[in-house]
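Asker: My questions concern the predicted model and sequence given below.
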Number of protein chains: 2
Amino acid sequence: MQQESREQRCRNVLFIMCDQLRADYLSCYGHPNLRTPSIDALAARGVRFDRAYAQSAVCVPSRMSFYTGRYVSSHGTTWNHVPFPVSQITLGDHLRRAGILATLAGKTHVIPDHEGLARFGVDPGSAGGQLLLEGGFEEFDRYDGHAPPGSESGYGDYLRRHGYDSKDPWNDFVVSAHDERGARVSGWWLRNAHLPALVGEEHSETAYMTDRAIEFIRAQGERQWVLHLSYIKPHWPLMAPAPYHKMYRDADCGRILRADPVSENPHPVLTAYRTSHEDCLTYAQEGVVRHVRPTYMGLIRQVDDHLGRLIAELERLGRMRDTLIIFTSDHGDHLGDHGLGEKELFYEQAVRIPLVVYDPDERAGPTRGRTEASLVEAIDVVPTLLECLGLEVPAHLVEGQSLVPLLRGGAPGRTRDFVVSELDYSFRNARVALGRGPGECRAWMVRTARWKYVHYQGMRAQLFDLDNDPFEFVDRGADAGLENERRQMRERLTDWFTSLKNRTTVDHAYVERRTEDHRRNNVHIGVW
Amino acid sequence: MQQESREQRCRNVLFIMCDQLRADYLSCYGHPNLRTPSIDALAARGVRFDRAYAQSAVCVPSRMSFYTGRYVSSHGTTWNHVPFPVSQITLGDHLRRAGILATLAGKTHVIPDHEGLARFGVDPGSAGGQLLLEGGFEEFDRYDGHAPPGSESGYGDYLRRHGYDSKDPWNDFVVSAHDERGARVSGWWLRNAHLPALVGEEHSETAYMTDRAIEFIRAQGERQWVLHLSYIKPHWPLMAPAPYHKMYRDADCGRILRADPVSENPHPVLTAYRTSHEDCLTYAQEGVVRHVRPTYMGLIRQVDDHLGRLIAELERLGRMRDTLIIFTSDHGDHLGDHGLGEKELFYEQAVRIPLVVYDPDERAGPTRGRTEASLVEAIDVVPTLLECLGLEVPAHLVEGQSLVPLLRGGAPGRTRDFVVSELDYSFRNARVALGRGPGECRAWMVRTARWKYVHYQGMRAQLFDLDNDPFEFVDRGADAGLENERRQMRERLTDWFTSLKNRTTVDHAYVERRTEDHRRNNVHIGVW
């Protein structure tokens, strides 16, 4: 099946996502110590987007934006515990209309909307019901990580077949290790992050899901396919199989970014995170950060090695000629910067994502290896993918803008000079600490090339001058001299709100067709 | 069944709506010549809201807001041709959860979302499917007016049974008349508005639907009920049965409000309406206005007379002791003011609505006969109705605020100092005249006690100073001296956008219950 045609076009899509992979933890994005040669090589053959942003720095809202091409305020899935409304139209729906399946290997984190489905009397066990509960993906092998054993994926059975004898081999082997005294300890505890997992590297989550992707792609032969390969790593629990557990050491960690408390002017929500969230209190300790970052780096390097294996296989199969490859992450990780652990809020560490796109089309020739500085967003993936497959982008639903003009040149097509990311902290202790109700904890970031503005419900805004303060150490949200800048950012936010696509039941062609059509229907309004 | 109990409480609801009834065309709202004694009497026993606003000055979006308690941007049904998403939770859903049916006699103008329903594989002919396509109402007798004969309501058969022998008795009798030469002419043409309809008054639309409501209420006996009685009148076609066709004359019409063209500074959208919409061109002629207003007034007086009959029946049945009565309209009518016909845009003539609430509860004693000046909205009806029935208001969905504090005193409960109304003119000629796309024609009005601000996509805003210009003759949207006022109004709009309730799949109790619950589920994040 090799090289039988020289044709270079997008026919298949490999949409690869990592979980919690911070953009600057790749060598092509400038990490000084971590080497990611496979991703770097992909970037050298495609376009590396240097300013790509997640629609939220939390898994579920970010992913639902990736899967719908719509902002969080439009799909309504504001946090990890919020079911994804069955009414939302997904990438899977758009593809299915063209007879193409959106296949899944790995994580989606779609929270099923059982109540929404029950409202329509749909059997959740039916094929249609399943699809609606799973966000429109055909689940080749869904694996969200740390689910009760046996509730998803073939991974548990796979592990048992390979000698990991346990009812819950994930807990007992994948995120367990032997400590220095030979006791079995858990990767749930950061103190054990330096230990090698009891699972063999070849049987680890990243290896397994890469195998599954290769198996799927091989089985398709010359049939068209779209695969979402979605790794759970480098997301916690932070425990890596050998040799990745000790590939890096604390000297490779780099600087831990902390603002000067005198000039920082921390926002009340930031303070609530720092003081009431267990992960932030833990990551506030430099020793913890230096202990865990090397493991995080090892897990990334492991993903990179497996991506190298996958891309070599695509090459062997001739699929690099006709496969669009998108590599990204759902959000980043503070890793102790700003006195924060994990994700959420709007620092670059959390909202900025890696985004590398390899477009096999020969029109993309001139952009190969380019670093693109335009501000782009997670929601741009759906329209890019559809356009590359030659499918229409439903303009009444999709809020992202196709990246094709940036991949192939041509018409500008992109009209926004800012990106937006959103937060709902109502499920967090910060809400309780601030004494707020469940409907009062939303925030919106507007980021232009220079400014980052964050609008909070019921509180002052944040403002960072990224030109003069690239590490976001000084919050100028209360700076009297910058009222004009804040006003301009607020106006962008208002414009953004007015651009959201909530008229979802009719498309633009319908509007054109039915404009002023009453007389054609024998309805005469205001006629003498 | 009379007077067997002295208990005064809300047990039933009669939610009465007129179509296109302009607030100031009722005597209790100050009309100098038109007398509406029944509505006035209801106001004397309840509260008359003097500043009540529709969420849109167009039937469908306004009604979908009435039926959901949500703004147009939240339910997404922006204009008359837009199907109402089956995913939207309605008054009917809220009541059904408590075992109460929302019954309909008359018009809803719900555009069925067949595509949305098909996505879930629901049979549109099934009881559940019907309910979803009909906005959650049990249709005792749905009558949207001017539908193809036989497609809805029992009205066509009723007319035939009463001797109106025709395949389409509505067209042939209800909106037909004999002109001065004996020729049959149609009420579709405004020139015929002065002629008496060929239908007998007792068989006209208003009489018929009142009969149906009485029939329904009688049949309930002592059972609890909620009835939406929704008149099609005084909506066009403007033709009234005798004697209402000649109850008023052009001397009763009052002033036709027209701005001074020198000082008006008309907005481009206003100009597009005036110059490209047939109804506006027609209503720009004073002779037309003076010809049709008397008929409009007659149709209102007819509604009032039938409401008198209905309320007398409620009294007779003992139902005034336990029935909440809400009287309102979906929007107003320009009737030639501002050089406009019909509705849409944001002049008081179009967005202000009558709202009279009779609350049988004895706690409402002190407010009987009160005129309430607070700014209130159509979306306030759902929470008012639920609270009066003792049902919980789902705070994660309902955007309106209950009027009960204004009816019974007590906790303030109302926190907004402005109202919002919306427009989507993309189905209108104005869009074509302005050369805009189907996704670029939205507008939002923010009205405070003093100012009315309208934000348009891609165009300057409008601003009216209602204190000094109550007739909205001078658009200050480009007045350099009022930039501060416009900024404050724009900030209210931004605040409003941030308050919209798009996290619809979980309620507030769920958020409270699941706040920071990961450790309870054996998930340990950032723990040393």
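Answerer: That came in fine, so what should we check first?

Asker: Quick check: closest non-adjacent residue to the residue in the stretch 101-250 of chain A positioned nearest to chain B.
Answerer: Using CB to the nearest CB, A:Phe120 is the residue of the stretch 101-250 of chain A that sits closest to chain B, at 3.9 Å. (Each C-beta comes from the backbone N, C-alpha and C, glycine too.) Spatial nearest neighbour of A:Phe120, excluding adjacent residues (CB to CB, 6 or more residues apart in numbering or on different chains): B:Phe120 at 3.9 Å.

Asker: How about the contacts made by the one you found?
Answerer: Each residue near B:Phe120 by CB atoms under 8 Å, 6 or more residues apart in numbering or on different chains is listed here: A:Val86, A:Leu117, A:Phe120, A:Val122, A:Gly128, A:Leu132, B:Val86.

Asker: A:Gln484: helix or strand, and which one exactly?
Answerer: Heads up, residue A:484 is Asn, not Gln. Assigned by DSSP states H and E, A:Asn484 belongs to helix A:483-499.

Asker: Surely A:Asp330 touches A:Ala52?
Answerer: No - A:Asp330 lies out of contact with A:Ala52 (CB atoms under 8 Å); the separation is 11.8 Å.

Asker: who's in contact with the residue nearest to A:Asn192 when sequence neighbours are not counted?
Answerer: The shortest distance from A:Asn192 to any residue other than its chain neighbours is 4.8 Å, reached at A:Val185 (CB to CB, 6+ apart). By CB under 8 Å, 6+ apart, the residues touching A:Val185 are A:Ser176, A:Ala177, A:His178, A:Asp179, A:Asn192, A:Leu195.

Asker: again, 10 Å this time
Answerer: Shown in contact with A:Val185 (CB atoms under 10 Å, 6 or more residues apart in numbering or on different chains): A:Val175, A:Ser176, A:Ala177, A:His178, A:Asp179, A:Arg191, A:Asn192, A:Leu195, A:Met239.

Asker: can you check A:His267 too?
Answerer: A:Tyr273, A:Leu345, A:Ala443, A:Val454, A:Tyr456, A:Met459, A:Arg460, A:Ala461, A:Gln462, A:Asp475, A:Gly477, A:Ala478.

Asker: 7 Å instead, please
Answerer: Applying CB atoms under 7 Å, 6 or more residues apart in numbering or on different chains to A:His267 gives the contacts A:Gln462, A:Asp475, A:Gly477.

Asker: now stretch A:219-236: mean pLDDT?
Answerer: The average of the pLDDT scores along stretch A:219-236 is 97.

Asker: for stretch A:16-26, same thing?
Answerer: 98.

Asker: ends of that stretch, how far apart?
Answerer: When the termini of stretch A:16-26 are compared using CA to CA, to the nearest Å, they are 15 Å apart.

Asker: ok, it near chain B or not?
Answerer: No - using CB under 7 Å from any CB of the partner chain, stretch A:16-26 never reaches chain B; the gap is at least 11.1 Å.

Asker: neighbour-wise, which of the contacts of A:Val185 leads?
Answerer: Sorting the contacts of A:Val185 by how many neighbours each has (other CB atoms under 10 Å in any protein chain shown) puts A:Met239 first, at 29 neighbours.

Asker: touching chain B at all, the helix holding A:Asn484?
Answerer: Yes - remark: helix A:483-499 sits within contact range of chain B at A:Arg490, A:Leu493, A:Thr494, A:Phe497, A:Thr498, by CB under 7 Å from any CB.

Asker: Quick check: closest non-adjacent residue to the fourth one.
Answerer: For A:Phe497, the nearest residue in space outside its immediate sequence neighbours is B:Phe497; the separation is 3.8 Å by CB to CB, 6+ apart.

Asker: circling back: as CSV, the residues of helix A:483-499 next to chain B with neighbour count and pLDDT would be great.
Answerer: Output for the residues of helix A:483-499 next to chain B, formatted as CSV (neighbours: other CB atoms under 10 Å in any protein chain shown; pLDDT from 0 to 100):
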residue, neighbour count, pLDDT
A:Arg490, 18, 97
A:Leu493, 22, 98
A:Thr494, 20, 97
A:Phe497, 21, 98
A:Thr498, 18, 97
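
Asker: and which of these is nearest to chain B?
Answerer: The nearest member of the residues of helix A:483-499 next to chain B to chain B, counting by CB to the nearest CB, is A:Phe497 at 3.8 Å.

Asker: Quick check, pLDDT for the residue nearest to A:Phe120.
Answerer: pLDDT, B:Phe120: 95.

Asker: What parts of the stretch 101-250 of chain A come near chain B?
Answerer: So far as CB under 7 Å from any CB goes, the stretch 101-250 of chain A lies against chain B at A:113, A:115-116, A:120-122, A:128, A:146, A:188-191, A:236.

Asker: Just the buried residues from the residues you listed, in PyMOL please.
Answerer: To isolate the buried subset of these in PyMOL, counting by 16 or more other CB atoms under 10 Å in any protein chain shown, use the following:
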select buried, chain A and resi 113+116+120+122+146+188+190+236
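
Asker: Secondary structure for the residues of the stretch 101-250 of chain A next to chain B - can I get that in JSON lines?
Answerer: Formatted as JSON lines, these follow (DSSP: H, G, I helix; E, B strand; the rest coil):
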{"residue": "A:Asp113", "secondary structure": "coil"}
{"residue": "A:Glu115", "secondary structure": "helix"}
{"residue": "A:Gly116", "secondary structure": "helix"}
{"residue": "A:Phe120", "secondary structure": "coil"}
{"residue": "A:Gly121", "secondary structure": "coil"}
{"residue": "A:Val122", "secondary structure": "coil"}
{"residue": "A:Gly128", "secondary structure": "helix"}
{"residue": "A:His146", "secondary structure": "coil"}
{"residue": "A:Trp188", "secondary structure": "coil"}
{"residue": "A:Trp189", "secondary structure": "strand"}
{"residue": "A:Leu190", "secondary structure": "helix"}
{"residue": "A:Arg191", "secondary structure": "helix"}
{"residue": "A:Trp236", "secondary structure": "coil"}
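
Asker: And the residues of the stretch 101-250 of chain A next to chain B, which two are furthest apart?
Answerer: A:Gly121 and A:Arg191 (50.2 Å; CB to CB).
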